[in-house]
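Peer 1: Could you look at this predicted model? Sequence included:
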Amino acid sequence: MASHERWNALLEIIARDGRLDVETAAQELDVSTATIRRDLDRLAQQQMVTRTRGGATANNVSYDLPLRYKTARHATEKDRIARAASALIRPGGVVGLNGGTTTTEVARALATRADLLAAGGEAALTVVTNALNIANELTVRQHVKIVVTGGVVRPQSYELTGPLGTLVLEQLTLDHLFLGVDAISATEGATAYNEGEASINQLMVARARQVIVVADSSKLGRHAFARICEIRQVDVLITDSGADPAAVAAFTDAGVQVIRA
């Protein structure tokens, strides 16, 4: 297991349990206690955890992993989801993207669509996003017109949140919104860990003609702290082929079209 994979795993254990014991973590990850101690020291230096005697505890951000720690998780599934999502978009549309690893992959898939590249130098697609990393990646794509909402940057996700973003979004209409979530269930709808992100995402949902949630199967049937939207506001859910059939059936029964990539 590579170091970044261990760090992800350790942060997830702390997010799950609120604390971590070195001996238990070493057994769970099948590595030495010395390795776990070094990893925890490194994470503490980055202010991701608080070191304790014999382990570590969660600090104020460890329940919601920063984007740079999420990129390696379910990478293959996210790539398939992104390609399936990109295929739904026709040239000339206005597409909204919020922040997250899956929506970042969707942005990359859109950026490399051959038919969009052949648009003769003019913008073949308009992308509205509150994610600085997505805007940064797409800025060099001449065939994509980028609109960035205002707001205050949240370092964990690179997303802009707050009332400044509201001022921009209230003036726009989106043909499609690709919505990344922390969790989604047929009863609780789409949810996020952070209430600020949930609030700006709520407005993006309200401004979109079609809401497409992109979420790997690990997020299905779960819920997080703050609601983004009710399940009735979701038109399409794109997930991976490993999704539990019962979970998929629950969304279908709720009126959501499910695409398994």
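Peer 2: Now that the structure is in, tell me what you want to look at.

Peer 1: mind checking pLDDT for Ser86?
Peer 2: pLDDT, Ser86: 96.

Peer 1: Report how many residues lie close to the spatially closest residue to it that is not a sequence neighbour.
Peer 2: Distances taken as C-beta to C-beta, 6 or more residues apart in numbering place Ala109 nearest to Ser86, at 3.7 Å, with adjacent residues excluded. From N, CA and C alone the C-beta is placed, and that goes for glycine too. Residues near Ala109, counting by other C-beta atoms under 10 Å, number 18.

Peer 1: who touches Ala109 in this structure?
Peer 2: 82-83, 85-86 (C-beta atoms under 8 Å, 6 or more residues apart in numbering).

Peer 1: repeat for Gly196
Peer 2: The contact partners of Gly196, by C-beta under 8 Å, 6+ apart, come to 154, 161-162.

Peer 1: Ala208 versus that one, what's the distance?
Peer 2: From Gly196 over to Ala208 the distance is 19 Å, taken as C-beta to C-beta, to the nearest Å.

Peer 1: how distant is stretch 198-215 from the center of its chain?
Peer 2: Centroid displacement of stretch 198-215 relative to its chain, using C-alpha atoms, centre = their mean, to the nearest Å, is 13 Å.

Peer 1: List the buried residues of it.
Peer 2: Across stretch 198-215, burial judged by 16 or more other C-beta atoms under 10 Å covers 198-205, 207-208, 210-215.

Peer 1: Among these, which one sits closest to Thr57?
Peer 2: For the buried residues of stretch 198-215, the residue nearest Thr57 by C-beta to C-beta is Ala198; the value is 25.6 Å.

Peer 1: Can you give me the distance of that closest one to Ala9?
Peer 2: Distance, Ala198 to Ala9, by C-beta to C-beta: 26 Å.

Peer 1: Return the subset of the buried residues of stretch 198-215 lying in strands.
Peer 2: Residues of the buried residues of stretch 198-215 located in strands (DSSP state E): 208, 210-214.

Peer 1: How are the helices of the stretch 151-261 of the chain distributed by residue range?
Peer 2: 163-169, 195-206, 245-253 (DSSP state H, counting those that start in this stretch).

Peer 1: got any ranges where the stretch 51-200 of the chain has weak pLDDT?
Peer 2: 59-74, 117-121 (pLDDT under 70).

Peer 1: picking up where we left off before, got phi/psi on the residue nearest to Ser86?
Peer 2: As for Ala109, its main-chain torsions (degrees, to the nearest 10) stand at phi -70, psi -40.

Peer 1: Then Val181?
Peer 2: phi -130, psi 160.

Peer 1: which residue sits closest to it, ignoring its sequence neighbours?
Peer 2: Here the residue nearest Val181, using C-beta to C-beta, 6+ apart, is Ala190, at 4.5 Å.

Peer 1: Is that neighbour bridged to anything, and to what?
Peer 2: Counting by DSSP bridges, Ala190 is bridged to Ile184, Cys229.

Peer 1: Report how many residues lie close to it.
Peer 2: Look at Ala190: counted by other C-beta under 10 Å, it has 29 neighbours.

Peer 1: pretty sure it contacts Val234?
Peer 2: Yes - between Ala190 and Val234 there is a contact at 6.4 Å, judged by C-beta atoms under 8 Å.

Peer 1: Now the common contact residues for the two.
Peer 2: With contacts taken as C-beta under 8 Å, 6+ apart, Ala190 and Val234 have 179, 184, 213 as neighbours in common.

Peer 1: Among these, pick out the one closest to Leu40, please.
Peer 2: Minimum distance to Leu40 across those is 31.6 Å, recorded for Ile184 (C-beta to C-beta).

Peer 1: measure that closest one to Ala190 for me?
Peer 2: 5 Å.

Peer 1: Spit out the residues that contact these two alike.
Peer 2: 213, 231, 234.
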